[in-house]
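Student: sequence and predicted model, in that order:
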Amino acid sequence: MEAGGLIDQAQQARVMQCLPLLQGASPGFQAEFFQAASLAHVDRGGVIAMEGDACARLALLVGGRVRVYKTAATGREITLYHIGAGDSCVLTASCIMSHSPFPAIAEAQTEVDAVLIPAAKVHAWMTEPVWSGFIFGLVSKRLADVISVLEDVAFQRMDARIAAYVVRLANEAPVLTITHHEIAAELGTSREVVSRILKDFENRGLVKVGRGELIITDRERLKALCWPQAGVVRVPG
C-alpha cells in the first residue's frame, strides 16, 4: 500500500471520526499523528501485502474491509481475520516491532481507505499511552480471533463450520451473494467439500443453492448445527 498525499483539515475530521484512538488523545499527539500520517486508497481485490513483504508502514483503516489469510502449497486458503474501519493489522504491527517480514496475505474485500503511519513512528509512539493501548488492544483482539480459528479447525466438523459461517452472514441478509469457492477460501477447505455439504443442507430444507447465491430457508435449524459437539450454538464473529 503506497502512501498518498498529506491529510487536509476536511480529511482529518473524517479520520478523527473513524479512529477512536485519536478521540481520546491529547491535542499534541493528534497534531503529531497528522503530521506523520498520509492517506492511501486500494481498489476492491487489490493486494495490500504479500507474504514476505517488508512492513514499512502501519495502515489504519478509515473505510472498507480487508481480509488477512494464509495459503498452502496446494493453493488452499484460510482466513485468519478481517479488518474494518477503525482497525488495523496486528501482523503488520508485530512485523514492524520485530523487524520481520509479513507472514500472510492482506487483500481488500471492498474499496479501502487507510491512514499510513511510518514504521519509525509506530516504534516511537509506544511511549504514548493512547497509542500503546491501541496496539496492545489489537494484539488481544487478534490473538482471540486466531485462537478461535485454530479451535474451529481442530475441533469442529466442516458441516458445523460452514453452518456457523452461513449463519453469521445471514445476520446481515437471508439471501447471500457468495460462491462455494469464497466459502472454501474463508474456511480452509475445498470447493468440492463446500458444494457437497451445501447440497446436503439443501436436501434437508435448510438452504436453497443457486449460482453465486445462497438462500437461508430454515435459520434456526441451521443455527443448531453450528456447535453440535457441545450442544450449543457457537457462531464466530
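Tutor: Yep, that arrived.

Student: so what touches stretch 131-138?
Tutor: Here stretch 131-138 makes contact (Cβ atoms under 8 Å, 6 or more residues apart in numbering) with L21, A25, F29, D87, S88, C89, V90, A93, V122, W125, M126. (Glycine included, C-beta is placed from N, CA and C.)

Student: bridge partners for the fifth one, pull those for me.
Tutor: Beta bridges link S88 to L60 when assigned by DSSP bridges.

Student: break down the protein into its helices, ranges please.
Tutor: 9-18, 20-23, 27-36, 90-98, 119-124, 129-155, 158-170, 180-187, 191-203, 219-223 (DSSP state H).

Student: related to what we said a few turns ago, buried subset of the contacts of stretch 131-138, written for PyMOL?
Tutor: Selecting only the buried entries of these in PyMOL, with 16 or more other Cβ atoms under 10 Å as the criterion:
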select buried, resi 21+25+29+87+88+89+90+93+122+125
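
Student: let's have the contacts of stretch 131-138 in JSON lines, adding distance to E192.
Tutor: What follows is these, written out as JSON lines (distance: Cβ to Cβ, whole Å):
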{"residue": "L21", "distance to E192": "44"}
{"residue": "A25", "distance to E192": "50"}
{"residue": "F29", "distance to E192": "52"}
{"residue": "D87", "distance to E192": "33"}
{"residue": "S88", "distance to E192": "36"}
{"residue": "C89", "distance to E192": "31"}
{"residue": "V90", "distance to E192": "33"}
{"residue": "A93", "distance to E192": "37"}
{"residue": "V122", "distance to E192": "42"}
{"residue": "W125", "distance to E192": "48"}
{"residue": "M126", "distance to E192": "47"}
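
Student: list just the nearest of the contacts of stretch 131-138 to T74.
Tutor: C89 (25.0 Å; Cβ to Cβ).

Student: leaving out chain neighbours, which residue sits closest to the closest one?
Tutor: Spatial nearest neighbour of C89, excluding adjacent residues (Cβ to Cβ, 6 or more residues apart in numbering): I83 at 5.7 Å.

Student: what does the pLDDT read for A56?
Tutor: pLDDT recorded at A56 is 94.

Student: sorry, slip of the keys, the one I care about is E2.
Tutor: 57.

Student: out of the contacts of stretch 131-138, flag the one nearest to V194.
Tutor: Among these, and counting by Cβ to Cβ, the member closest to V194 is C89, at 26.8 Å.

Student: correct me, but the closest one touches V66?
Tutor: Yes: contact criterion Cβ atoms under 8 Å: C89 and V66 qualify, at 7.2 Å.

Student: between the two, which contacts overlap?
Tutor: In contact with both C89 and V66: I83, A106, using Cβ under 8 Å, 6+ apart.

Student: re the thing from before, show me what contacts the residue nearest to C89?
Tutor: L61, R65, V66, V68, C89, A106 are the contacts of I83 under Cβ under 8 Å, 6+ apart.
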